[in-house]
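Novice: Please work out how this folds:
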Amino acid sequence: MKKPSFLASIGIVLIVITFLGTSILYYDVAPQIPIVIATIFVACYGLAIGYKWKELESAMAKGIAQGIPSILILCLIGILIGVWVLNGTVPTITYYGLHTLSAEFFLMSAVIICAIVSVVCGSSWSAIGTIGVSLMGVAFGLGISPAMTAGAIVCGAIFGDKISPLSDTTNLASATAKVNIFDHIKHMLWTTIPSFLLTLAAFTVIGLLMDKGRADSSQINTLIRVLNDEFMITPVTLLSPLLIIILAFKRVSPIPAMVIGLITAILTTFYTVPNVGIGTIMSTAHNGYTANTGVEAIDSLLSLGGLSSTLFGVSLILIALAFGGMIQHIGIARSIIEGIQNILKSRGNVIASTVVSCLGINLTVGEQYLSILLPGQLFETAYQKVKLHPKNLSRTLEDAGTIIHPIVPWGVTGAFIMSTLNIGMEYAPFVFISMINPIIAIIYGYTGIGLTPLQEEEKETKEESIEVTRQALEG
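Specialist: Below is the predicted model of the structure:
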C-alpha cells in the first residue's frame, strides 16, 4: 500500500468533480448514480495502490455510521411535516404569512426570519424544516419563485447557524482551531455580517424588481379561502414547532427534541382534526399528507411530508457518506493539502489555500465536518508561521467549509434541503451568502482587513502546546 501522490490526487479530484458536475448540471440526473460511479472509480484507484477491498468497505461503513444521526433527523422531519400539514401547523403559518408579508419584501423577510430561528435553535436544519417549509407555502400564494424562496430560506438559516453558540459546526470549528467559542463568533462577524447585508440587499432588489403581476390577489384569496375551509387555523397548531425551537435553545439534542415535537403535533391533531383516527395519523406520517381541495395548484402545494418523501435524501446521504469515507481513508484530500504547504508563505496564500481546501473537500467528499477537521488540523502550523492568531483559522474554516456545504448537490445538507423543501438544485444560485462569504475571506487575507495577528508570547505557548501533544502521541 502506498500513499497517493499529490499529482494523482489532484487528477482524481478533477475527474470526480468534472464527472459529478457534468452529470448533475448538464445531463440533469439525480446525484446518486454519478456518485456510485465515482465511488467505483476511486475504489479501483485504491485497489491499484495496494488497499484491500475489506479496508475500503470498512471505510465506507465508517463514513455512513457518522451520518446516521443526520439520516434519523431527516426521517423525523419528513414525518413531522406530514403531521404538521394534517393538524394545520403548515397551513396556519402559511395563512398568517399571507396576511402579514408583502411580495416585494417577502424574500428579504424570509432571510431574516430564518436567521432568527436558526440563531435561537443553533441549527440551520431546524430552521429549514420548521419555518422554511411554511415560507415555501407563503411564496406559492404570493406568486414568488420556489427557487428564490428556497435560496432565501437557506441563506438565513446558514447565517443564523454560523453565529449561534448552540451550533454544532460553530463549536467544531472553534474546537478544531483551539479557540474560545465566543471569540470565534465575534471574529466571524467580520465576514458574516458583510455577507449577510449583501445577501439582504440582493433579495431586496430582486423583490422590488419582481413582476408585481405575479402576486395575483385572486390566487392569494383563493389560497386563504381553501386554507380556512380545509383546516382549523389556530395558534394551537404552532405549539409543536415552537416547542422544538425552545428545546433546541435549551441545548436538547435534535432527535429527542424532534420526537417531543412529533408527540405534541400528534396530540394537537386530535383537537384540530374532527374524528381523526390513529390509522390516519400513522398513514400520513409514512406517506405524507395528500390534499384533495379540488384546486390542482393548491393540492400540489399541500401534498407534503411523510417518511417516504425523505427516501431520496436518505439514499443520497448514504451513498455520499460511503464515498466520502473511502476518499478520506485513501488519503486523497490529505495528500493535496500537504502538497500545497510549500506555497504557504504569505497570509493571503494561507487563507486562500484554506478556502480552496475546504471547498475541494466539500466538492469531492460532500461532508461538512471533514471540511472543517482536515484543513483545521493540517493548516494549524501554517497560520503560526505567518503569525496569524488561531481564530483566523477557525473563522476561515466556517467561511469556506460549512457555508459552502449547502450548495453542494451531493452533500448531506444539500440532500436535506431538496427533500425537505421539495425542490431540486435550482435553489443553489440564490444562496448568495455561500458565494459571497469565501470571496470576502480571501479579500481579507490579502488586504489584512479583519485579521488578528498572533502575538509572540501566544505563538510560543501555542508551539509548546503542539510539542507536548506530539510527544504524548509518540509516547
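
Novice: Tell me, please, where in the stretch 1-150 of the chain the pLDDT is lower than the cut-off.
Specialist: Within the stretch 1-150 of the chain, the set of residues satisfying pLDDT under 70 comprises 1.

Novice: give me that answer again for 80
Specialist: 1-2, 25, 120-122 (pLDDT under 80).

Novice: Following the chain onward from the lengthiest helix in the chain, which element is next?
Specialist: Taking DSSP state H as the criterion, the chain has its longest helix at helix 181-209. Past helix 181-209, further along toward the C-terminus, the next helix or strand under DSSP states H and E is helix 217-230.

Novice: could you give the mean pLDDT of that next one?
Specialist: Mean per-residue pLDDT for helix 217-230: 81.

Novice: Contacts for it, please.
Specialist: 91, 94-95, 98-99, 140-143, 233, 291, 293, 295, 298, 302 (Cβ atoms under 8 Å, 6 or more residues apart in numbering). (C-beta placed from N, C-alpha, C; glycine too.)

Novice: now that helix: how far from the chain's centre is it?
Specialist: Distance, stretch centre to chain centre, for helix 217-230: 32 Å (Cα atoms, centre = their mean, to the nearest Å).

Novice: Buried ones in it, by neighbour count?
Specialist: Buried positions in helix 217-230, judged by neighbour count with 16 or more other Cβ atoms under 10 Å: 219, 220, 222, 223, 224, 226, 227, 230.

Novice: Over to stretch 174-186?
Specialist: Buried-residue list, stretch 174-186, by 16+ other Cβ under 10 Å: 174, 176, 177, 179, 181, 183, 184, 185.

Novice: Report the separation between the third one and residue 356.
Specialist: What that stands for is residue 177. 18 Å (Cβ to Cβ, to the nearest Å).

Novice: same deal with residue 29?
Specialist: 27 Å.

Novice: do residue 388 as well
Specialist: The value you get for residue 388 to residue 356, if Cβ to Cβ is used, is 17 Å.

Novice: now residue 224
Specialist: Taking Cβ to Cβ, one finds residue 224 at 49 Å from residue 356.

Novice: how many other residues sit next to residue 406?
Specialist: Residue 406 has 27 neighbouring residues, counting by other Cβ atoms under 10 Å.

Novice: my read: it touches residue 432, true?
Specialist: No - between residue 406 and residue 432 there is no contact under Cβ atoms under 8 Å: 11.8 Å.

Novice: follow-up on the earlier one: between residue 29 and residue 356, who's got more neighbours?
Specialist: For residue 29 versus residue 356, neighbours defined as other Cβ under 10 Å are more numerous around residue 356 (17 against 12).

Novice: show me what contacts that one?
Specialist: residue 400.

Novice: tell me the pLDDT at it?
Specialist: pLDDT, residue 356: 89.

Novice: Name the helix or strand for it, please.
Specialist: Assigned by DSSP H and E, residue 356 falls within helix 347-365.

Novice: next helix or strand past that helix?
Specialist: Trace forward from helix 347-365 with DSSP H and E and the next one is helix 368-378.

Novice: Which SSE is immediately downstream of that next one?
Specialist: helix 380-385.
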